[in-house]
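Q: what's the 3D shape of this:
(chains A and B)
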2 protein chains.
Amino acid sequence: MSSQALLERVRRASRTLAELPASRCNTILLALADAIRTEAPDLLQANARDMAGMAESSPLYDRLLLTPARLEDIAAGITRIAHLPSPLGRILARRNLPNGLELTRISVPFGVIGIIYEARPNVTFDVFALCLKAGSACVLKGSSDARHSNQAIEKLIRRVLESQRITPDIIGLLPSTREATDELLRARGLVDLLIPRGSSQLINHVRDHATIPVIETGAGVCHAYFDAAGDLEKGRAIITNAKTRRVSVCNALDCLLMHRQRLGDLPELCAPLEAHRVRILADAPALSILTGHYPQELLQPADSSTYGTEFLSYSIAIRTVDTLSEALDHISRYSSGHSECIITEDPAAADRFSLLVDAACVYTNAPTSFTDGGQFGMGAEIGISTQKLHARGPMGLEEITTYKWLIRGNGQTRP
Amino acid sequence: MSSQALLERVRRASRTLAELPASRCNTILLALADAIRTEAPDLLQANARDMAGMAESSPLYDRLLLTPARLEDIAAGITRIAHLPSPLGRILARRNLPNGLELTRISVPFGVIGIIYEARPNVTFDVFALCLKAGSACVLKGSSDARHSNQAIEKLIRRVLESQRITPDIIGLLPSTREATDELLRARGLVDLLIPRGSSQLINHVRDHATIPVIETGAGVCHAYFDAAGDLEKGRAIITNAKTRRVSVCNALDCLLMHRQRLGDLPELCAPLEAHRVRILADAPALSILTGHYPQELLQPADSSTYGTEFLSYSIAIRTVDTLSEALDHISRYSSGHSECIITEDPAAADRFSLLVDAACVYTNAPTSFTDGGQFGMGAEIGISTQKLHARGPMGLEEITTYKWLIRGNGQTRP
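A: Numbering: from 1, shown residues only, chains lettered A, B, ... in the order given. Reported below is the predicted structural model:
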């Protein structure tokens, strides 16, 4: 089937979801979780075909791999989604106009949500489950590395849908070709929202070539500012957690901004990083203080490319600032608008930082590690938006719905 | 100054707005309303230069023209905006997590909003006032037809800002060239949101070439479905109002879907259209019923281009349907997702229509004429969104804000 025909088929099928009661949606999700458990061997076999010949040292290895434990996690995640409240039919506003018209703004499904993603076959399950719960059909474009896994997952989902007497066409897996991507980017009238997940190269390509609405996700150049009134113990815990908990995630810390008055605390602040062999790229004042207190082979001077870099590795930039304002200027210039943090015991500094930093998540005395739909109490997330339109930060179920206005009258006319 | 330099200047200036108290914003708006009144002669003189040599019969004439009465309307509109509640700083969600983190989702400015529009110098004032109230700077790209008017308006706004000791760079008027448009469409990191207002040609160009987030506005292919259980009197009032109140607006009625059982009521339903010399393009069953009851010279058979057309003129399409489902299929195929209407006394039909029609505004027994920010109690609108991302339907002040998450901790870390 051509990509165009597949997109049209999903579009048609999406219309049936507007009438699907939340209870049936949840039944389907629970049946899917069961099927993942009972049909795990098939899924693992398909995954083995994708993994064949791949070296464990490949960065793809961990992202592609399915294991019995991971499938159990996926099934448990889908069960959790089934038990979350429905994001549909929420009354977002209600107004009765003087002329007697009754206005209701109500949350409704998008229709069809498209996802372009790399490796990670678990995304195929996650996206389907979140979209279904939010009343939308989904079109998935995975990468060729995960081809066999994704096909097996789609087959399993379609079988479950058929057994639940729902059209299986509410999920569509596009071929992993460049042509399919191009058709998806231009699927006007067929796909209502496109979310790219993956490398910044992928995201930039989607943003620059899509003619359908896109939510950008991912890129995180994250800062922590240690204020003149910062608490050393809290700072040490926050910086260590934000930098080393998981270095490959978008909310990992990239740059520490140190107030000049507190430079003397830098060796203590950075001491726990040594255990993780974190490389420090620092400006001259910070470098000078650290020398002799931190392994020399892990210290190097910052250069023109240091600031604004998303490291995704055990590296951190440090810059000295004279004032909160200078920290704000640095963040304004280099932040990707994802997650930013201040460490301070001064409420005025915290308020000013919170007011003036333009990012999805602004932390006071807590690490950027918490930027995550699960942590934020959303139950699950489909991605982390780094744009300001529609959704900002973690996107849960509510963030993948839209709304409409219902207007009830009795023959009123407008003068 | 190059367009790029102007965009950067507005970006820098926008940062000062994050700290502007709502009360000062309102003072500026009231001062602007006063200045419009006292400096009306200058504005009218500049407008006269744009109008010079233009025939009254030109479709541009009415859209370009400023008059003392229109300036007074504009000043009154800005005064109204000053008195609306601020859309900023609203607490949209608050959560206290088990680990003690306090999460607050709060409405904040976009930053810089760009508008591309045609003719209509009043838009220059409206957009500036709405953006300022929503805490954002604005970049305006008008058309060359309105060049002198727009320059005079920008000059006036800048003078008022200076007199209020606010940087005048929170407004930027781009030259009305193709190059300036292209730079605006690609102003990543400088413009946070772009709203095109004008012809569908303009909107399509923006959507297809922008690499910054866009909200589509405008195109409205609007339907009214007269159900088997429709009330004749209400239907007549609704159809007449929706079709003839103003034919050039996006929410004007384009197509009437008639339930076959009620075809006999068509002559009475359409009778008031005759006074407006409305041309009817009907399918065979409707045409046959109307013949002899409606002026023959205003009747013609529908053809393949009739349905899905936004007429913006005294024309209406009529199609006969056998069922509500058939009406829903027609709307699903041809609607632009703007405003749709059902005329029925059957609550089940109304509910089904409201549930299944995928449009920004779904009316029961009221005309699509009401789709308007002012009518919806928003106080003012910057446009009507026809997409599903971020804002749908009329966009008031709240719809041109975004949000951020503020997270307050006490040194918590993520396991």
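Q: list the contacts of A:I78.
A: A:29-30, A:32-33, A:36, A:125, A:129 (CB atoms under 8 Å, 6 or more residues apart in numbering or on different chains). For every residue, glycine as well, the C-beta is placed using N, CA and C.
Q: closest one of these to chain B?
A: Closest to chain B out of the contacts of A:I78 is A:A129 (20.8 Å), distances taken as CB to the nearest CB.
Q: surely the closest one and A:L30 touch.
A: No - in this structure A:A129 lies outside contact range of A:L30 using CB atoms under 8 Å: 10.7 Å.
Q: near chain B, which residues of the stretch 51-200 of chain A?
A: A:95, A:97, A:101, A:103, A:108, A:110-111, A:192-193 (CB under 8 Å from any CB of the partner chain).
Q: pull out the buried members of these.
A: A:101, A:103, A:108, A:110-111, A:192-193 (16 or more other CB atoms under 10 Å in any protein chain shown).
Q: burial count for A:G53?
A: 6 (other CB atoms under 10 Å in any protein chain shown).
Q: confidence score at it?
A: Reading off the confidence values, A:G53 has pLDDT 82.
Q: re earlier: how about the residues of the stretch 51-200 of chain A next to chain B, which pair is most distant?
A: A:L97 and A:L193 (30.8 Å; CB to CB).
Q: mind listing the helices for the stretch 1-150 of chain A?
A: Using DSSP state H, counting those that start in this stretch, the helices of the stretch 1-150 of chain A run over A:3-17, A:22-38, A:40-51, A:59-64, A:68-83, A:122-133, A:147-163.
Q: correction: the stretch 301-415 of chain A
A: Using DSSP H, counting those that start in this stretch, helices in the stretch 301-415 of chain A cover A:324-334, A:347-356.
Q: can those helices go into TSV with extra columns for mean pLDDT?
A: Output for those, formatted as TSV (pLDDT from 0 to 100):
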stretch	mean pLDDT
helix A:324-334	96
helix A:347-356	97
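Q: tell me how many other residues surround A:S369.
A: Using other CB under 10 Å, A:S369 has 26 neighbouring residues.
Q: write out the residues of the stretch 301-415 of chain A neighbouring chain B.
A: A:332, A:350, A:354-356, A:358-367, A:369-370, A:375-377, A:387-390, A:392-393, A:402-414.
Q: same drill for A:A129 and A:L30, tell me which one is more crowded.
A: A:A129 (26 against 16).
Q: any idea how far the more buried one is from A:S305?
A: 40 Å (CB to CB, to the nearest Å).
Q: again with A:T217
A: Taken as CB to CB, the span from A:T217 to A:S305 is 24 Å.
Q: next: A:M395.
A: From A:M395 to A:S305 the distance is 31 Å (CB to CB).
Q: and if you look at A:S23?
A: From A:S23 to A:S305 the distance is 54 Å (CB to CB).
Q: what of A:N99?
A: 62 Å.
Q: now swap in A:E154 and tell me
A: For A:E154, the distance to A:S305 - CB to CB - is 42 Å.
Q: between the two, which is the more surrounded one?
A: Neighbour count, other CB under 10 Å: between A:E154 and A:S305, A:E154 has more, with 19 against 9.
Q: and the next helix or strand past the helix or strand hosting A:H223?
A: Element membership for A:H223 (DSSP states H and E) is strand A:222-226. Next helix or strand after strand A:222-226 toward the C-terminus (DSSP H and E): helix A:232-244.
Q: wondering if that next one reaches chain B at all.
A: Yes - Helix A:232-244 reaches chain B (CB under 8 Å from any CB) through A:233-234, A:237-238, A:240-241.
Q: just the buried residues from those, in ChimeraX please.
A: Per 16+ other CB under 10 Å, the buried members of these correspond to this ChimeraX selection:
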select /A:234,237,238,240,241
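Q: let me have the residues of helix A:232-244 next to chain B in a markdown table, adding distance to B:T320 as columns.
A: Formatted as a markdown table, the residues of helix A:232-244 next to chain B follow (distance: CB to CB, whole Å):
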| residue | distance to B:T320 |
| --- | --- |
| A:E233 | 77 |
| A:K234 | 72 |
| A:A237 | 72 |
| A:I238 | 68 |
| A:T240 | 72 |
| A:N241 | 67 |
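Q: farthest pair within the residues of helix A:232-244 next to chain B?
A: The most distant members of the residues of helix A:232-244 next to chain B, if one measures by CB to CB, are A:E233 and A:N241, lying 12.6 Å apart.
Q: restricted to strands, list the residues of the stretch 301-415 of chain A next to chain B.
A: In strands, defined here by DSSP state E, the members of these are A:361-364, A:393, A:402-408.
Q: if you rank the residues you listed by neighbours, which is first?
A: A:Y363 (30 neighbours).
Q: bridging residues for it?
A: When assigned by DSSP bridges, A:Y363 has beta-bridge partners A:C341, B:I407.
Q: show me where the stretch 151-300 of chain A has its helices.
A: A:178-185, A:200-209, A:232-244, A:266-274, A:284-290.
Q: please name the residues that touch A:L389.
A: Taking CB under 8 Å, 6+ apart, one finds A:215, B:192-193, B:213, B:215, B:389-390, B:402 in contact with A:L389.
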